[in-house]
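> Quick one, what's the 3D model for this:
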Amino acid sequence: MRVIAGTYRSRRLKGPGKLRLRPTSDRLRETLFNILGPAVRDALFVDLYAGTGAIGIEALSRGAREVVFVERHAATARLARENLAALGISPGARKGVELIEATALKGLEKLAARHRVADFIFLDPPYEDVEEHVRILEFLDASHLVAPRGLVIAEHSRKTELPERLDRLERVRLLEQGDAALSFYCLAAAA
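Numbers count the residues shown, from 1 in each chain. Alright, predicted model coming up:
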């Protein structure tokens, strides 16, 4: 695994090793950030189910003002910290980088309690846990965490059908690549 572009371009990241993770492929990550383009610069980016931290690190590398990593498993959070440390980034010590050790829902509740509004929220729960995808999308739909022109991006199996529309969020793009898919959601009024 490597950082695709930006400040940390070509720097290698530690993979999951024996941890049961399915990191987003370099190719899919590159496609995602090519779609997001320069909008990542100066954005607040939330990386749920952070795993290795590769998605959030890519956002930092491309100029995100702030990245919040949320990971519930201690060993996996340690891996994300190691990848950040290898790049000279220390969550908490560097303004604009935070790692919350909690479930995705608890992490979002914490951000909501702080009245945070994110430009990008990326979620990548285990592919087989479709209920978790829907639970997080429903929470985001009911919250005020998504900026007016913000995007929620869900990575999922190509075979999984996620809702096209919730009360406030609607899918505006579905991208399929190999076995993976990315569903892009925005607030319906912003579409």
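
> low-scoring stretches of this structure, by residue?
Where the chain drops to pLDDT under 70, the residues are 16-24, 92-95, 190-191.

> go again using 80 as the cut-off
Within the chain, the stretches with pLDDT under 80 are 1-2, 10, 14-26, 90-95, 189-191.

> Parallel or antiparallel, which strands does the longest strand along the chain pair with?
In the chain, ranked by residue count with DSSP state E as the criterion, the top strand is strand 146-157. Using DSSP bridges, the strands paired with strand 146-157 are strand 118-123 (parallel), strand 180-187 (antiparallel).

> What are the contacting residues of the longest one?
For strand 180-187, the external contacting residues (Cβ atoms under 8 Å, 6 or more residues apart in numbering) are 24-25, 28, 31-32, 35, 137, 140, 146, 148-158, 160, 162, 166, 168-175. Every residue, glycine included, has its C-beta placed from N, CA and C.

> Just the CA trace of it, in PDB.
What follows is the C-alpha trace of strand 180-187 in PDB, where atoms were taken according to Å, rounded to 0.1, in the frame of the first residue of the first chain:
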ATOM      1  CA  ALA A 180     -16.100  -3.000  -5.000                       C
ATOM      2  CA  ALA A 181     -18.500  -0.100  -5.400                       C
ATOM      3  CA  LEU A 182     -18.600   3.400  -4.200                       C
ATOM      4  CA  SER A 183     -22.000   5.100  -3.500                       C
ATOM      5  CA  PHE A 184     -21.800   8.900  -3.300                       C
ATOM      6  CA  TYR A 185     -24.600  10.700  -1.300                       C
ATOM      7  CA  CYS A 186     -25.300  14.300  -0.900                       C
ATOM      8  CA  LEU A 187     -28.100  16.300   0.800                       C
END
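
> quick one: the helices in the protein?
Using DSSP state H, the helices of the chain run over 26-36, 54-61, 74-86, 104-113, 130-142.

> Mind putting these into JSON lines with mean neighbour count and distance to Phe120?
Written out in JSON lines, the entries for the helices of the chain read as follows (neighbours: other Cβ atoms under 10 Å; distance: least, Cβ to Cβ, whole Å):
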{"stretch": "helix 26-36", "mean neighbour count": "17", "distance to Phe120": "7"}
{"stretch": "helix 54-61", "mean neighbour count": "27", "distance to Phe120": "7"}
{"stretch": "helix 74-86", "mean neighbour count": "18", "distance to Phe120": "17"}
{"stretch": "helix 104-113", "mean neighbour count": "18", "distance to Phe120": "13"}
{"stretch": "helix 130-142", "mean neighbour count": "17", "distance to Phe120": "12"}
